[in-house]
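Student: Starting from these lines, generate the structure:
(one chain, ligands or ions: 1)
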Amino acid sequence: MTPVLQLENLNKAYGALQVTKNLSLDVRPGEIHALIGPNGAGKTTLIGQISGALTSDSGRVLFAGRDVSRLSLPERARAGLGRTFQITQILPEFSALENVALAVQAHEGHSFRFFRNAATDPSLNDKAAAILADVGLGDRCTEPAGQLSHGEKRSLELALALALEPKLLLLDEPMAGTGPAETERLTELLKTVKNRCPLLLVEHDMAAVFELADRISVLVYGEIIATGTPDQIRASKEVQSAYLGEEDET
Ligand SMILES: Nc1ncnc2c1ncn2[C@@H]1O[C@H](COP(=O)(O)OP(=O)(O)OP(=O)(O)O)[C@@H](O)[C@H]1O
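Tutor: Below is the predicted model of the structure:
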């Protein structure tokens, strides 16, 4: 099966600090691939190298059958490489439906100059409502986005990303700052998002990772020390000593 995303021998240094070391990884169609590792292992840097926010010193990023290594972040986004928007990019005064309708409108190539029409365009609204229903916000469509709970805002971020119909979604710590009930809800939600597109998930919440991931890659000091199913990763002595053991002690 051809991977959706394939990283080949990526490198990235900040001065003398080699943050990403000859890193190779792939994400397959239909999977949730989780990337875990201790603080400072280089996860955020790697996500930046994949999205195009950061340029790699060497190596290749192959996405949806093409080499996107030299493409900018917007070009990679247009090629279908999705990422969740930050909560700060949600328009708090607009309803959840209007926020998603604007994203659908942007994806369909309409100009933002006509954004006032987004709220009244039935086809945009129908698509936006369907996406909101998928992320569990079907009954919160008319709520101003600023009034949603933190967890609901996370769901809205996902809806905004899905409105762009990505071929792969990069998720950087979706559970951060959410309580146990919201984490459980988001975990269930990500299981359904997986039906729409594969996910590369960076997450510190190990319970969520082990429940969600089809495969897990463990990053330590910029190197992948293991990739495997949750059971394989749990059983790996190298992973236990490098990462999971350390977590258990805290
Ligand atoms: N712009 C930068 N300039 C210099 N060093 C940087 C820069 N960005 C990150 N680093 C360093 O690169 C290393 C990896 O950082 P990164 O944020 O990618 O790790 P991380 O795994 O995402 O960490 P965390 O889990 O804490 O978010 C760290 O040692 C960090 O201090």
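Student: hang on, isn't residue 43 packed against residue 202?
Tutor: Yes - with contact defined as C-beta atoms under 8 Å, residue 43 counts as touching residue 202 (4.7 Å). Quick note: C-beta positions are derived from backbone N, CA and C, even for glycine.
Student: Overlap in contacts, these two.
Tutor: 35-36, 172 (C-beta atoms under 8 Å, 6 or more residues apart in numbering).
Student: Give me the neighbour count for residue 137.
Tutor: Per other C-beta atoms under 10 Å, the neighbour tally for residue 137 reads 24.
Student: Who are the contact partners of it?
Tutor: Contacts of residue 137 by C-beta under 8 Å, 6+ apart are 96, 148, 152, 155-156, 159.
Student: and those, which two are the farthest apart?
Tutor: 148 and 159 (11.0 Å; C-beta to C-beta).
Student: what touches both of these two?
Tutor: 96, 137.
Student: tell me the secondary structure for the residue nearest the centre of the chain?
Tutor: Closest to where the C-alpha atoms of the chain average out (C-alpha atoms, centre = their mean) is residue 171, at 1.8 Å. Classification of residue 171 using DSSP: H, G, I helix; E, B strand; the rest coil returns strand.
Student: contacting residues around it?
Tutor: By C-beta under 8 Å, 6+ apart, the neighbours of residue 171 are 83-84, 190, 199-203.
Student: And it, what's its pLDDT?
Tutor: Looking at residue 171, its pLDDT is 91.
Student: which residues does it bridge with?
Tutor: Beta-bridge pairing for residue 171 (DSSP bridges): residue 201.
Student: and it, how far is that from the ligand?
Tutor: Distance of residue 171 to the ligand, given as C-beta to the nearest ligand atom, to the nearest Å: 13 Å.
Student: May I see the shared contacts of residue 43 and residue 202 organised as JSON lines, with neighbour count and distance to residue 242 added?
Tutor: As requested, the shared contacts of residue 43 and residue 202 are arranged in JSON lines below (neighbours: other C-beta atoms under 10 Å; distance: C-beta to C-beta, whole Å):
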{"residue": "35", "neighbour count": "27", "distance to residue 242": "14"}
{"residue": "36", "neighbour count": "25", "distance to residue 242": "11"}
{"residue": "172", "neighbour count": "18", "distance to residue 242": "21"}
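Student: Nearest to residue 73 among those?
Tutor: residue 172 (13.8 Å).
Student: Distance check, the residue nearest to the closest one when sequence neighbours are not counted against the ligand.
Tutor: Among residues not flanking residue 172 along the chain, residue 202 sits closest, at 5.0 Å (C-beta to C-beta, 6 or more residues apart in numbering). To the ligand, residue 202 is 7 Å away according to C-beta to the nearest ligand atom.
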